[in-house]
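Enquirer: I'll drop the sequence and a predicted model, then ask my questions.
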Amino acid sequence: MVPVTKEELRKLVSQTTVETYEELTPQLVRLIRETNSRPDLTESQRQDEISLHMMGYIKSCTNEILIEVLAEILGLEDEERDK
């Protein structure tokens, strides 16, 4: 769907945002669990690591949202990776 109004674009971005965050959340949860179970880190170091994971998660989500929305608008297809 190529949006022709701001409202359609807003809906596309919102839908893509929800899908992207849901898709990438399990990876973040895994990283947080792994970090919390590391006995070699102090509590402060764990919190620092988790903050870095969160920043990376938000950056990854933002990038993926931009790519997916632009691909939809421009009619771009995924590359076949098994060539």
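Expert: Sure thing, it's come through.

Enquirer: switch to C-alpha atoms for all contacts and neighbour counts from now on
Expert: Will do.

Enquirer: can you show me the helices along this structure?
Expert: Assigned by DSSP state H, the helices in the chain fall at 6-36, 43-74.

Enquirer: which of these sits closest to residue 80?
Expert: helix 43-74 (15.2 Å; Cα to Cα).

Enquirer: now that closest one, how far from the centre of its chain.
Expert: Computed by Cα atoms, centre = their mean, to the nearest Å, the chain-centroid distance of helix 43-74 equals 5 Å.

Enquirer: report the buried residues of that helix.
Expert: Buried positions in helix 43-74, judged by neighbour count with 16 or more other Cα atoms under 10 Å: 46, 49-50, 53-54, 57, 61, 64-65, 68-69.

Enquirer: so for it, mean pLDDT?
Expert: Throughout helix 43-74, pLDDT has a mean value of 97.

Enquirer: tell me, how many residues neighbour residue 17?
Expert: For residue 17, the neighbour count with other Cα atoms under 10 Å is 19.

Enquirer: who's in contact with it?
Expert: 61, 65 (Cα atoms under 8 Å, 6 or more residues apart in numbering).

Enquirer: how about residue 57?
Expert: Residues near residue 57 by Cα under 8 Å, 6+ apart: 24, 28.

Enquirer: cool, and residue 24?
Expert: By Cα under 8 Å, 6+ apart, the neighbours of residue 24 are 57, 61.

Enquirer: and it, what pLDDT?
Expert: Per the predicted model, pLDDT is 96 at residue 24.
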